[in-house]
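>>> Okay, sequence plus prediction incoming.
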Amino acid sequence: MSLVFVGDHVTSSLMWLLDTEDGTFHHIDRPREERYAILSHVWQLTGEQSFQDLIALQLECRKRRSRFGFKWGFSIFAPTTSHCALIKASAKIRDCCALARRHGYRRVWIDSCCIDKTSSTELSEAINSMYEWYAAADVCFAFLEDVSDDHDPRLKDSKFRRSRWFTRGWTLQELIAPTVVMFLSKEWRLLGTKASLADLIEEITGIDRTILTHEKSIDRASVARRMSWASKRQTTREEDKAYSLMGIFGVNMPTIYGEGGNAFIRLQEEILKQVPDQSIFAWGPALRDDTMLYRNVDPNSITEDARYWQSRNLFAWSPDAFVNAGRVSSTSPESFQKQTGISFVLPTYAITSYGMRARLPLVPIQHSSAKTTYLALLACEDAEANLIALLLYPRPESTDRFFVGHYIGRPQVPPNSYYRIVSVSQSRLAELAKSAQTREVCIPYRPSPTAQRVPLVVPSMPSFRCPCDVVVPTWTIADIAKAGFITSVRGNNGVIHVMELTAPQNPALVLVSRHGTIHIRMGRCQCRGRFLSVSVTGTKSTSSKSSPPSLTETISASRSRCPKNDIPGGVTARCPSDHVASWTNACKDMTYETMRIRLSFSAWVDRADVYSLSIIISTLEAAQVEGQTLVNVRHDKMASTSDRTPSSFVKDDPAIDAPASSHDLLLGAFDPAKLHPMAGIEDKLDYLLLDDEKTTDLPGAGTPIPSRGWSDDLCYGTGTMYLSGLALGGVWGLREGARKPLAVSNARLRINSILNSVTRRGTFIGNSAGCLALVYNAFNSTIDHFRGKHDTYGSMAAGALTGALYKSTAGVKPALAAATVISGSAGIWSYVKRRV
């Protein structure tokens with residue numbers, strides 16, 4: 001054994017051990033001949049101190065000791081500086097070393113700081129040897145950082161049961177390999193040992209207690225069962241799901257970080273080479289009732305279904321696939337031959353580019369004249385000692401190539417319509433063995449790199465509703481700049497956020513040129529559809545003598561009636577044609593001076609609430625400019641029948657009076673009608689009158705509690721009733737809990753009693769009141785529908801029906817009393833709403 005430092009360089013080693021006295025490293029070649037403790041823990045999210053960090057601390061200590069005259073192995077300052085590396089280490093390392101010293105260990109191994117992870121060779125060697133290192137340790141300290149020592153680990157909902165330590169992939173081998181495991185709380189106090197808590201750990205992890213205590217070898221557990229232990233565990237790196245299981249199966253392979261899920265495929269290849277256990281194929285959806293197989297096998301198997309692309313191969317894609325294989329056990333060749341009467345031929349597996357070739361006993365299941373499904377009998381059993389078989393479906397291009405899995409019943413009908421393995425009952429096994437033949441088959445053992453791994457998502461038509469985000473691509477801004485405009489986007493990084501409360505008049509984009517300014521306004525329309533509303537206005541600079549150059553005249557975009565066709569989502573447009581959803585192909589053309597402006601919206605990748613805006617500015621031909629006013633007039637008259645004619649800005653009409661000057665504004669002698677952007681063009685526009693804008697005579701209209709019908713009552717009426725019920729029940733529970741007699745006078749018991757009473761009474765009355773409000777609104781809406789109006793009488797009738805239904809099982813008199821009370825309450829509520 002030699003120390004870590006040789007001169008000023010660090011030597012390479014097989015295994016580094018940390019000295020618990022002075023914090024230096026030692027390397028050893030034979031871990032079985034050393035006495036050391038080992039730590040098992042969950043790494044902190046912020047990271048742990050590494051090998052290089054401790055090396056730096058050790059170098060700093062050496063320099064400090066030499067500065068104080070440490071020479072020839074002796075110094076009066078040596079006792080005070082020998083521990084400096086350990087003093088500056090993290091709290092976890094210091095506490096672990098202190099615990100090891102108390103138990104008489106001079107050496108300790110900690111995975112976070114005893115592996116040089118900058119060396120890929122050393123890291124790979126450590127990962128391949130880690131199971132052996134944990135097995136060779138005298139004791140393993142399992143540090144549970146999220147468990148305190150003030151509770152019983154055996155409680156049903158204890159923190160010990162819910163510790164993250166039991167959910168991590170690496171801690172599986174750290175639990176099984178050591179002979180002695182001491183579970184420590186976050187205060188580094190003993191919670192128990194693996195032997196004393198074996199029954200509890202078996203319940204938490206599913207690992208047999210005889211394997212935990214080393215009474216039975218881990219090799220006696222089937223491959224499928226060992227995989228099931230890791231099925232619910234997580235690792236930070238995907239590759240570690242495979243690397244953390246190498247010791248469990250006694251295999252070794254090089255580590256290649258970056259290969260992703262291919263690591264688990266390589267692990268299964270190595271297991272298949274060294275472990276004669278066919279339960280490695282027994283994963284995925286299992287059919288336990290084999291009688292269904294003969295009644296409902298569907299001949300139209302959909303082998304290319306993207307949902308099951310991972311299940312049709314021999315090898316699993318992850319340990320998660322074995323989550324239901326915990327009770328699968330392997331059988332010996334002799335037992336298999338005794339059960340089936342078939343001579344068991346020791347299988348040989350050959351991996352080719354087409355798949356894995358093997359000789360397996362096949363049983364044909366003829367269910368149509370053209371197609372045959374096969375059962376490949378495996379030497380493994382389920383919990384009821386029924387033999388397990390793979391369900392094979394022949395590929396159409398070859399007779400000896402198969403996929404794994406088949407539909408039982410109608411294809412794609414849940415639940416559990418697709419199965420991969422079948423449990424063959426003992427009664428049917430003898431019948432199947434008569435027609436069994438050992439054949440060579442070729443089955444894909446891993447997913448093809450070019451296979452479609454995710455079902456194609458067909459995007460639906462965008463609905464253009466708010467809230468949403470509108471993205472203005474940078475290339476659009478560059479094209480606008482070429483047309484002579486400077487673009488200003490009211491958003492971050494070219495993204496315009498349109499919220500629920502964003503007004504339609506919100507100027508989202510401003511295009512400025514020397515001829516004028518164009519405002520593109522976006523917001524949520526005030527109608528119920530929550531549609532994205534877009535309008536465009538323009539201003540041009542004026543140089544009139546009677547007005548200063550700073551004044552501008554506003555030219556507003558013309559508005560036509562919204563077409564009465566259905567827009568995406570099945571909602572009929574209610575507002576003018578500002579709705580992007582009502583535009584043809586979400587695109588609209590507008591003209592300004594001698595330019596045409598095209599706004600085009602589209603879905604942004606696969607997000608349903610993000611849209612892309614494209615703005616194209618082009619120059620109009622001379623003929624189009626001369627006939628522009630005529631086009632505008634025609635578009636206004638024909639808007640209800642066609643929306644393919646481009647809408648445009650209305651040019652200033654000579655018939656309209658000149659706009660007010662600055663002199664008129666300053667003196668106050670002006671006509672307000674002249675200031676309106678649409679003054680003088682009323683006869684050229686069709687106005688759409690909306691029912692939602694009318695003032696109604698419904699109860700509460702125009703008051704602080706407006707109501708347009710039962711839908712508004714449902715919103716705040718039900719909520720008010722529910723919250724009132726919660727408050728009333730809470731007061732009742734508070735009074736009941738405070739007065740409830742207790743066997744022992746204790747403040748904590750009194751608080752617990754009050755909280756229990758408040759929770760019980762509050763939820764009961766709150767839920768009851770909320771249900772009554774829902775039923776009341778259902779009756780109220782039905783009555784309003786048939787009567788054609790919403791008033792106090794309808795509300796009282798709904799209250800009477802609600803009360804009668806509430807007490808209908810108690811008798812006639814209670815029902816009448818309840819009807820009277822709730823009907824009167826509804827009448828009072830309606831009167832209050834009218835008078836507020």
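Okay, I see it. Numbering: from 1, shown residues only.

>>> check contacts around residue 118.
51-52 (CB atoms under 8 Å, 6 or more residues apart in numbering). For every residue, glycine as well, the C-beta is placed using N, CA and C.

>>> For it, which three-state class applies?
coil (DSSP: H, G, I helix; E, B strand; the rest coil).

>>> Tell me the backbone dihedrals of it, please.
Backbone torsions of residue 118, given as degrees, to the nearest 10, read phi -80, psi -20.

>>> same check, this time on the one 10 residues further on
Backbone torsions of residue 128, given as degrees, to the nearest 10, read phi -70, psi -20.

>>> Might you report the residue contacts of the closest residue to it other than its chain neighbours?
Distances taken as CB to CB, 6 or more residues apart in numbering place residue 252 nearest to residue 128, at 4.8 Å, with adjacent residues excluded. By CB under 8 Å, 6+ apart, the residues touching residue 252 are 128, 246, 270.

>>> Most neighbours out of these, which is it?
residue 246 (21 neighbours; other CB atoms under 10 Å).

>>> Do you know the pLDDT at it?
pLDDT recorded at residue 246 is 96.

>>> ok, now the one 4 residues further on?
At residue 250, the predicted lDDT confidence score is 95.

>>> what's near enough to touch it?
Residues near residue 250 by CB under 8 Å, 6+ apart: 219, 274-275.

>>> Repeat that for residue 357.
By CB under 8 Å, 6+ apart, residue 357 lies in contact with 349-351, 440-442.

>>> so which of those is the most crowded?
residue 441 (20 neighbours).

>>> Strands of the stretch 201-350 of the chain, start to end?
Secondary structure of the stretch 201-350 of the chain (DSSP state E, counting those that start in this stretch): strands at 286-287, 329-330, 350-351.

>>> go on, the stretch 451-600 of the chain?
468-471, 486-489, 495-498, 507-512, 516-524, 532-541, 552-556, 566-567, 571-572, 587-592, 595-603.

>>> Let me have these in JSON lines, extended by mean neighbour count and distance to residue 735.
Below are the strands of the stretch 451-600 of the chain laid out as JSON lines (neighbours: other CB atoms under 10 Å; distance: least, CB to CB, whole Å):
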{"stretch": "strand 468-471", "mean neighbour count": "21", "distance to residue 735": "50"}
{"stretch": "strand 486-489", "mean neighbour count": "16", "distance to residue 735": "60"}
{"stretch": "strand 495-498", "mean neighbour count": "18", "distance to residue 735": "49"}
{"stretch": "strand 507-512", "mean neighbour count": "19", "distance to residue 735": "56"}
{"stretch": "strand 516-524", "mean neighbour count": "22", "distance to residue 735": "47"}
{"stretch": "strand 532-541", "mean neighbour count": "21", "distance to residue 735": "53"}
{"stretch": "strand 552-556", "mean neighbour count": "16", "distance to residue 735": "65"}
{"stretch": "strand 566-567", "mean neighbour count": "16", "distance to residue 735": "56"}
{"stretch": "strand 571-572", "mean neighbour count": "14", "distance to residue 735": "51"}
{"stretch": "strand 587-592", "mean neighbour count": "20", "distance to residue 735": "65"}
{"stretch": "strand 595-603", "mean neighbour count": "18", "distance to residue 735": "57"}
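
>>> doesn't residue 514 make contact with residue 484?
Yes: in this structure, residue 484 is within contact of residue 514 by CB atoms under 8 Å, at 7.2 Å.

>>> between those two, who's got more neighbours?
Comparing residue 484 with residue 514 by other CB under 10 Å, the one with more neighbours is residue 484, at 13 against 8.

>>> Out of the contacts of residue 250, which sit inside helices?
When DSSP state H defines the helices, the subset of the contacts of residue 250 inside them is residue 274.

>>> top of the contacts of residue 250 by neighbour count?
Greatest neighbour count in the contacts of residue 250, by other CB under 10 Å, goes to residue 275: 18 neighbours.

>>> and the gap between that residue and residue 251?
From residue 275 over to residue 251 the distance is 8 Å, taken as CB to CB, to the nearest Å.
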